[in-house]
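K.L.:
Build the 3D model from these lines:
(one chain, ligands or ions: 2)
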Amino acid sequence: MAVCDEKGARVIEFQAVRKQYGNGTVAVEELSLSVPVGTVTVLVGPSGCGKTTLMRMVNRMIEPSSGSVLVDGTDVRQRDPAQLRRGIGYVIQQAGLFPHRTVLDNIATVPILDGQTRRAARARAAELLDRVGLPAELAKRYPAQLSGGQQQRVGVARALAADPPVLLMDEPFSAVDPVVREGLQDELLRLQDELDKTVLFVTHDIDEAIKLGEKVAVLRQGGHLAQCAEPDELLAEPADDFVTSFVGRDRGYRRLSFVDSHDLKPRPVPTVELGTAVDPSDQWRLAVDTEGKPRGWLAPGHGAEAVLSEKSLVAGGSLHQQDGPLRGALDAALSAPSGQGVVVDSEGASLGVVTAEEVLALLERRRAAS
Ligand SMILES: Nc1ncnc2c1ncn2[C@@H]1O[C@H](COP(=O)(O)OP(=O)(O)OP(=O)(O)O)[C@@H](O)[C@H]1O
Ligand SMILES: [Mg+2]
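P.N.:
Numbering: from 1, shown residues only. Ligands and ions are numbered 1, 2, ... in the order given. Predicted coordinates:
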């Protein structure tokens with residue numbers, strides 16, 4: 001039996017849980033998994049592997065055939081289902097909003113059920129609307145009058161309304177386009193930074209799992225736990241062929257997202273300041289503004305203007321935030337027209353440059369030393 005165990009406080013615990021439906025389908029094969037307090041744990045796996053079944057056993061929408069699910073140390077079978085669910089926020093695909101209630105009343109639903117006055121619940125709902133990045137004027141609309149991404153945000157706000165310590169999120173972002181999805185993921189990470197909930201998140205998208213999860217549990221058909229690990233470990237050491245093929249291509253490159261760059265030393269780069277006169281040179285030069293922020297590159301042979309303007313520049317590549325993941329440094333180098341990735345400080349001012357070769361050399365030094 002695969003086990004994903006954690007030391008310390010656990011909020012959700014699946015203990016040897018098995019689920020066989022009435023028609024004989026085994027959706028979850030004896031599985032143990034614990035979700036530590038204040039973390040985002042992601043269940044990821046192909047369609048039909050038992051993710052939703054597992055999640056619904058937490059709030060007693062589905063009962064296990066054997067084994068137990070504990071929330072805060074208590075077997076959920078000992079809890080009143082309605083009361084249990086009010087302490088667990090639940091967000092699903094397509095948001096699952098009530099179509100005949102306004103956005104504000106959708107968000108206020110659980111607090112009102114919990115006995116709050118309508119007025120207090122609506123005030124809190126308005127606050128949450130802002131928190132999930134939606135403008136106040138959406139409050140009076142009905143769900144059908146919102147975009148898919150906005151509906152998902154309302155779904156998240158509704159789940160947060162009763163301030164539950166636990167959030168279950170079942171493919172909440174899978175129905176929106178990739179750009180909106182990325183925005184929603186960033187928003188969730190930002191919210192989680194503030195709120196520190198215990199989140200069990202389900203997805204079939206490994207990139208989403210790796211981005212959001214502090215712990216990622218990979219499931220395969222029949223609810224088998226194939227591997228449970230931190231994202232970095234999952235990419236570096238997939239447990240078997242199934243996980244290897246599931247984490248997919250580019251895993252070596254993608255893993256750089258989890259590799260820090262603290263010992264990457266930017267080199268000085270010749271710079272020119274916008275708005276000043278510049279002589280030609282045979283080198284690439286980084287154009288900066290008066291605050292030292294990069295604005296683009298001046299190609300070899302260019303310059304000699306009375307005043308350097310943006311018109312003379314070649315657009316720059318991505319920027320690498322100092323001490324950020326190494327993937328950013330490599331990407332900065334690969335995307336810069338000069339082949340030199342610009343490293344910036346927290347204010348966005350240039351600290352110098354690195355080449356792809358230097359990033360790779362650093363990786364090689366670390367590998368040799370380990
Ligand atoms: N009520 C049910 N009765 C019988 N079989 C069911 C029932 N609900 C789900 N199943 C089966 O159990 C298995 C797991 O289903 P589940 O919904 O948990 O998968 P999932 O991982 O959430 O899939 P998806 O990614 O498509 O949402 C599937 O084979 C499904 O057909
Ligand atoms: Mg599902």
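K.L.:
now the most far-flung residue of the chain relative to its centre: how far from residue 51?
P.N.:
Here the chain reaches farthest from its C-alpha mean at residue 306, the gap being 47.3 Å by C-alpha atoms, centre = their mean. Using C-beta to C-beta, to the nearest Å, residue 306 is found at 64 Å from residue 51. C-beta: built from backbone N, CA, C; applies to glycine.
K.L.:
what comes into contact with the longest helix anywhere in the chain?
P.N.:
Longest helix of the chain, by residue count under DSSP state H: helix 178-195. With contact meaning C-beta atoms under 8 Å, 6 or more residues apart in numbering, helix 178-195 is reached by 40, 131-133, 147-149, 152-153, 156, 160, 172-174, 176, 199, 208, 211-212.
K.L.:
so what's the residue farthest from the centre of the chain up against?
P.N.:
Counting by C-beta under 8 Å, 6+ apart, residue 306 has contacts residue 277.
K.L.:
mind giving me the domain ranges of this protein?
P.N.:
Listed domain ranges for the chain are 3-258, 271-369 (source: automatic domain parsing).
K.L.:
Show me the one of those that comes nearest residue 264.
P.N.:
Between residue 264 and those, the shortest gap by C-beta to C-beta is with domain 271-369, which sits at 5.7 Å.
K.L.:
now the end-to-end length of the closest one.
P.N.:
Terminal residues of domain 271-369 lie 35 Å apart, using C-alpha to C-alpha, to the nearest Å.
K.L.:
for stretch 38-53, same thing?
P.N.:
23 Å.
K.L.:
buried stuff in the longest helix of the chain?
P.N.:
180, 181, 183, 184, 185, 187, 188, 191, 192 (16 or more other C-beta atoms under 10 Å).
K.L.:
Mind giving me the packing neighbours of the host helix or strand of residue 156?
P.N.:
Element membership for residue 156, per DSSP states H and E: helix 148-160. Counting contacts by 3 or more C-beta pairs under 8 Å, 6 or more residues apart in numbering; DSSP states H and E, helix 148-160 is packed against strand 88-92, helix 103-113, helix 118-131, strand 166-170, helix 178-195.
K.L.:
Columns distance to ligand 1 and mean pLDDT on top of the ones you listed, output as a markdown table?
P.N.:
Compiled in a markdown table, those are given as follows (distance: least, C-beta to the nearest ligand atom, whole Å; pLDDT from 0 to 100):
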| stretch | distance to ligand 1 | mean pLDDT |
| --- | --- | --- |
| strand 88-92 | 10 | 88 |
| helix 103-113 | 23 | 90 |
| helix 118-131 | 27 | 90 |
| strand 166-170 | 7 | 92 |
| helix 178-195 | 16 | 86 |
